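**Student:** okay, sequence plus prediction incoming.
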Amino acid sequence: MTTRISDLPPALAQRLVGQAIVVIDGECVLCSANLQVTLRLDRQKRFKFATAQSAFGSELYEALGLSTDPYDTYLVISEGQVYSHSTAALVQLTRLGGVWRLMHIGWLIPRPLRDALYRLIARNRYRWFGRHDQCLMPSSELKDRFVTDLA
């Protein structure tokens, strides 16, 4: 799924203009690993981060009509679009730059196949990778990279 920010409710859309945000399931160990790797690789601080469980995440998932029990995808907001499923992963990786631009090859795989693999992993992520009892809290030096609400 790809949604233009302008298709969201106006109050939410206005707050997202110019933002680049990765929204993850904060209880998912795999998602948390994705976040930690991205924080390390994103030296230019292109992305901010949010958990789906935050007020911002809940508002966004609701506006997009996405499941919150369980969260079935993570989201990437970039360049006026909201991306989900395998497309979110490809956008996130390619926008990191450097060697990660090689992930452009992933666009050659038809989206139905990419999303089928994504959904298989998403359905089994808690069983395969585990689940945190609570969302991870950012350290004080990373707090400015996290979005809880875009008021």
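**Tutor:** Structure's in. What do you need? Numbering: from 1, shown residues only.

**Student:** quick one: distance of the top helix by length along the chain to the chain centre.
**Tutor:** Looking across the chain with DSSP state H, the single longest helix is helix 111-129. Distance, stretch centre to chain centre, for helix 111-129: 15 Å (Cα atoms, centre = their mean, to the nearest Å).

**Student:** and stretch 83-96, by the same measure?
**Tutor:** Worked out by Cα atoms, centre = their mean, stretch 83-96 lies 8 Å from the chain centre.

**Student:** next one: stretch 95-111
**Tutor:** On Cα atoms, centre = their mean, the centre of stretch 95-111 falls 16 Å from that of its chain.

**Student:** from now on call the first residue 28
**Tutor:** Got it, the first residue is 28 from now on, which makes the last one we talked about stretch 122-138.

**Student:** got the CA coordinates for it in CSV?
**Tutor:** The C-alpha trace of stretch 122-138 is given here as CSV (Å, rounded to 0.1, in the frame of the first residue of the first chain):
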residue,chain,number,x,y,z
ARG,A,122,16.8,6.1,1.1
LEU,A,123,19.6,5.2,3.6
GLY,A,124,22.0,5.7,0.6
GLY,A,125,25.4,4.2,0.3
VAL,A,126,25.6,0.5,-0.4
TRP,A,127,21.9,0.2,0.6
ARG,A,128,21.0,1.7,-2.7
LEU,A,129,21.8,-1.7,-4.2
MET,A,130,18.4,-2.8,-2.7
HIS,A,131,16.9,-1.1,-5.7
ILE,A,132,17.1,-4.6,-7.2
GLY,A,133,14.2,-5.5,-4.9
TRP,A,134,11.9,-3.4,-7.1
LEU,A,135,12.4,-6.0,-9.8
ILE,A,136,10.4,-8.5,-7.8
PRO,A,137,6.7,-8.1,-8.4
ARG,A,138,5.0,-6.5,-5.4
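
**Student:** what lies in contact with it?
**Tutor:** With contact meaning Cβ atoms under 8 Å, 6 or more residues apart in numbering, stretch 122-138 is reached by 47, 65, 68-69, 71, 73-74, 105, 113-114, 116-117, 120-121, 141. Where C-beta positions appear, they are placed from N, C-alpha and C, glycine not excepted.
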